[in-house]
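Visitor: build me a model from this:
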Amino acid sequence: MLGEEKFVILVLTALFVLIKEIDCLQCYNCAGITNYDTDSCFNPEPGSTLLQECHRGEVCEKKISTVDRLQDAIERGCSSNCDGRKYIWTDSFRVYCCEEENKCNHGDITTATHLSLLLPLALVVWTMIRRMV
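Guide: Sure thing, here's the model as predicted:
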């Protein structure tokens, strides 16, 4: 019985470490132009603007470029182009890169855990505990 308890504790510890490793950054994923912004990209909201989970090494990016004197275009999404920089400025566009602040998301940046992995892992732990009883 003592060996089974150690095994369950080991599995639970491994699951905890794995769950911490699969947290990921969520960013808005949209594009729009000042006068035609169907995706609510200039003022995104979690309920109406598409969110995307970033891969490891990616951060949220907000790219603004000038279309003409009166219109700007905006693109939001995950990016690995930032290389640790907060801003990338050129004559034709401005890019804001952020990992823990709200300049890219215009709100709270959250982390999400992949439920597709959590559910099977929880089922395995539950089955192991039921077998021990």
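
Visitor: hmm, residue 129 is touching residue 8, no?
Guide: Yes: the pair residue 129 / residue 8 is scored as a contact, 6.7 Å apart, by C-beta atoms under 8 Å. Just so you know, the C-beta spots here come from the backbone N, C-alpha and C atoms, and that holds for glycine as well.

Visitor: for this structure, which segments are assigned as strands?
Guide: Using DSSP state E, the strands of the chain run over 23-28, 30-33, 51-53, 59-66, 72-79, 87-89, 93-98, 111-113.

Visitor: gap between the third one and the chain center?
Guide: Here strand 51-53 shows a centroid-to-chain-centroid distance of 5 Å under the convention C-alpha atoms, centre = their mean, to the nearest Å.

Visitor: check stretch 82-90 too.
Guide: Centroid separation for stretch 82-90 versus its chain: 19 Å, with C-alpha atoms, centre = their mean.

Visitor: okay, now the unreliable bits of the chain?
Guide: 1-4, 12, 14-23, 39, 100-121, 133 (pLDDT under 70).

Visitor: 80 instead?
Guide: The chain contains residues with pLDDT under 80 at 1-25, 35-40, 45-47, 99-133.

Visitor: care to break it down by domain?
Guide: Split into domains by automatic domain parsing, the chain comes to 1-22+114-133, 24-113.

Visitor: can I get the ones you listed in TSV including mean neighbour count?
Guide: Shown next, in TSV, are those (neighbours: other C-beta atoms under 10 Å):
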stretch	mean neighbour count
domain 1-22+114-133	11
domain 24-113	15
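
Visitor: residue 35 against residue 71, yeah?
Guide: Yes: here residue 35 reaches residue 71: they are 6.0 Å apart, a contact under C-beta under 8 Å.

Visitor: any idea how far residue 90 lies from residue 27?
Guide: Going from residue 90 to residue 27 by C-beta to C-beta, to the nearest Å gives 21 Å.
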